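> here is my input; please provide its structure:
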Amino acid sequence: MSDVTTTAPRTSRAVRRAIEHMTVEQALLSRRSVRAFLPTPVPRDDIEHLLELAARSASNSNCQPWQVHVVTGSVKTRLTSELLAAHDCEDRVSTREYNYQPKPNEWAEPFRTRRRRFGESLYGNALGIAATDSAARLAHHRRNYDFFGAPVGIILTVSRNPLDGALVDAGLFLQALMLAARGAGLDTCPQASFIDFYPVLRRHLDIPDDQLIVCGLALGYADNEHRLSRHHTPREAVASFTTFYEDSP
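This next block holds a predicted model:
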């Protein structure tokens with residue numbers, strides 16, 4: 001007799017209907033990083049179903065090195081309150097458990113230009129914040145630590161051994177989770193900002209020392225009336241990043 005459970009978690013009728021009607025291509029094309037959410041709750045059964053789908057992700061030798069920490073309700077409120085307090089502390093010191101990205105002046109091209117254009121699009125075009133208004137920009141960045149108002153907050157961790165491979169596996173899992181959510185009519189925003197205050201996360205969540213905090217993820221229903229709903233990011237053409245090796249005609 002097999003010891004593998006094949007029974008899927010129960011899901012809401014709305015989620016089942018959305019999954020049945022959205023294609024993978026539609027999920028990919030409509031996925032975006034949402035930074036304004038409705039407070040509408042997401043049932044636990046639906047969250048479990050999305051995680052079950054994401055767990056189908058490939059991983060090195062099927063090691064599945066990820067762990068997922070889901071916070072909602074008063075637990076999320078307590079966590080985000082301390083995160084916001086840490087962010088607002090005048091003498092705050094941001095530390096990270098791993099080097100997620102270089103400092104702003106250390107980015108190489110073409111990534112420096114792409115990063116600058118993204119900032120201009122988000123802060124200038126979508127939010128109407130001037131480049132010189134550092135206070136308003138900081139206020140928007142602060143919203144990261146409340147998961148942009150999403151009812152569900154997720155913290156993703158992976159095993160430190162072997163770390164490099166586990167980070168690749170984490171990316172695969174995260175993408176699968178975001179696409180599964182989009183297919184169910186939900187939206188997400190992956191958030192590396194949480195690693196700046198990893199001690200707060202470790203105080204509130206049961207994260208073993210041998211697990212590395214990779215990032216956070218906001219999950220919920222997008223507030224399509226918010227001005228940020230008009231923010232969309234472009235993608236480079238296939239020809240700019242692809243080389244084909246094939247027989248000559």
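> low-scoring stretches of this structure, by residue?
1-11, 13-20 (pLDDT under 70).
> quick one: the helices in it?
13-21, 24-30, 44-54, 73-88, 111-119, 134-142, 163-183, 198-204, 238-241 (DSSP state H).
> I'd like those helices laid out as TSV, including distance to residue 155 and mean neighbour count.
(C-beta placed from N, C-alpha, C; glycine too.) Putting the helices of the chain into TSV (distance: least, CB to CB, whole Å; neighbours: other CB atoms under 10 Å) gives the following:
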stretch	distance to residue 155	mean neighbour count
helix 13-21	22	13
helix 24-30	23	12
helix 44-54	13	19
helix 73-88	9	15
helix 111-119	24	13
helix 134-142	18	13
helix 163-183	12	19
helix 198-204	6	17
helix 238-241	31	8
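> switch these over to a markdown table; also include distance to residue 249.
Below are these laid out as a markdown table (distance: least, CB to CB, whole Å):
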| stretch | distance to residue 249 |
| --- | --- |
| helix 13-21 | 41 |
| helix 24-30 | 29 |
| helix 44-54 | 42 |
| helix 73-88 | 58 |
| helix 111-119 | 35 |
| helix 134-142 | 52 |
| helix 163-183 | 35 |
| helix 198-204 | 54 |
| helix 238-241 | 18 |
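> which strand is the longest one in this structure?
Counting residues, the longest strand in the chain under DSSP state E turns out to be strand 211-220.
> okay, now the sheet partners of it, with direction.
Applying DSSP bridges, strand 211-220 is found paired with strand 152-159 (antiparallel), strand 187-191 (antiparallel).
> ok, the nearest residue to residue 141 once chain neighbours are set aside to residue 59 distance?
Nearest non-adjacent residue to residue 141, counting by CB to CB, 6 or more residues apart in numbering: residue 193, 7.3 Å away. Note on residue 193: its distance to residue 59, by CB to CB, to the nearest Å, is 25 Å.
> sounds good, over and out.
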